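**Q** The amino acid sequence is not available; the structure is as follows:
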């Protein structure tokens, strides 16, 4: 009966991970969030599920994170912010607290097996995945989400310093859409097409269940269906992101 920890359970990826993981009644899920009331609003029955335990607290609270990830098979790092928030460091903060928590676990229980970390990232942070994108499109996208991508890059560098004792895979999807689960395929050659959050989540779970096949590798998720909805709602967010990249002070006026 495997146990999984989902960090960032109120976001689109976290919500999708909860949905995928709870489809199998043999799974136990530890769901971390900064606001339990928000999680209950998004999934009213979550606290009634005997296979789900909710952990609420600050992302800076190492004890909460330690208790959440202790004795788990895999931990999904999916804590994120919405939009190109200036000064964003949430991926780095998550990496820091998870490493600190795992060090505490290792020191107190030297014989215990540490969980595999499956880290949500993005295609533009992986040159091999984005090499076929038109240069202008990549430049616009990177600026529209510059604070997100720079944070993810810094977090990955931080985590790669722990390569001698941790098992980590970086999952780097392309465009994401709110749609039904339609089928996915893992790839290490870069994504092709829009993938739904549910298919992304299923791909992340597949990575977690694949042993050491994807250890310290970058993986993406392709859709196997051709009718995944295009995320048109992201276009205004990208425009805002460009504004925040060039005029960070505008964030407090527009949000």
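**A** It's in. Predicted model only: the values in this text are computed from it and were never measured.
**Q** When you work out contacts or count neighbours from here on, use the C-alpha atoms and nothing else.
**A** Noted.
**Q** Which stretches in the stretch 151-255 of the chain count as helices?
**A** Using DSSP state H, counting those that start in this stretch, the helices of the stretch 151-255 of the chain run over residues 197-208, 234-246, 251-254.
**Q** Which residues belonging to the helix of greatest length in the chain are considered buried?
**A** When the chain is parsed with DSSP state H, its longest helix is helix 90-108. For helix 90-108, burial by neighbour count (16 or more other Cα atoms under 10 Å) applies to 90-92, 94-105.
**Q** for stretch 148-166, same thing?
**A** Neighbour-count burial for stretch 148-166 [16+ other Cα under 10 Å]: 148-153, 155-156, 159, 166.
**Q** what comes into contact with that stretch?
**A** When contacts are defined by Cα atoms under 8 Å, 6 or more residues apart in numbering, stretch 148-166 is touched by residues 83-85, 88-92, 95-96, 99, 114, 116-117, 121-122, 124-125, 142, 216.
**Q** With stretch 167-177 instead?
**A** Residues contacting stretch 167-177 (Cα under 8 Å, 6+ apart): 115-123, 125-126, 191-197, 200, 204, 207, 212, 214-222, 228-231.
**Q** Start and end of it, how far apart?
**A** In stretch 167-177, first residue to last residue: 28 Å (Cα to Cα, to the nearest Å).
**Q** Quick check: buried residues in it?
**A** 167-177.
**Q** Redo the residues you listed as JSON lines? Include distance to residue 43 and pLDDT.
**A** Formatted as JSON lines, the buried residues of stretch 167-177 follow (distance: Cα to Cα, whole Å; pLDDT from 0 to 100):
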{"residue": "167", "distance to residue 43": "31", "pLDDT": "98"}
{"residue": "168", "distance to residue 43": "29", "pLDDT": "98"}
{"residue": "169", "distance to residue 43": "28", "pLDDT": "99"}
{"residue": "170", "distance to residue 43": "27", "pLDDT": "98"}
{"residue": "171", "distance to residue 43": "25", "pLDDT": "98"}
{"residue": "172", "distance to residue 43": "26", "pLDDT": "97"}
{"residue": "173", "distance to residue 43": "25", "pLDDT": "96"}
{"residue": "174", "distance to residue 43": "26", "pLDDT": "92"}
{"residue": "175", "distance to residue 43": "25", "pLDDT": "92"}
{"residue": "176", "distance to residue 43": "21", "pLDDT": "95"}
{"residue": "177", "distance to residue 43": "19", "pLDDT": "95"}
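**Q** Restricted to strands, list these.
**A** 168-171, 176-177 (DSSP state E).
**Q** Just put those residues in TSV and tack on distance to residue 255.
**A** Below are these laid out as TSV (distance: Cα to Cα, whole Å):
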residue	distance to residue 255
168	34
169	33
170	30
171	29
176	22
177	22
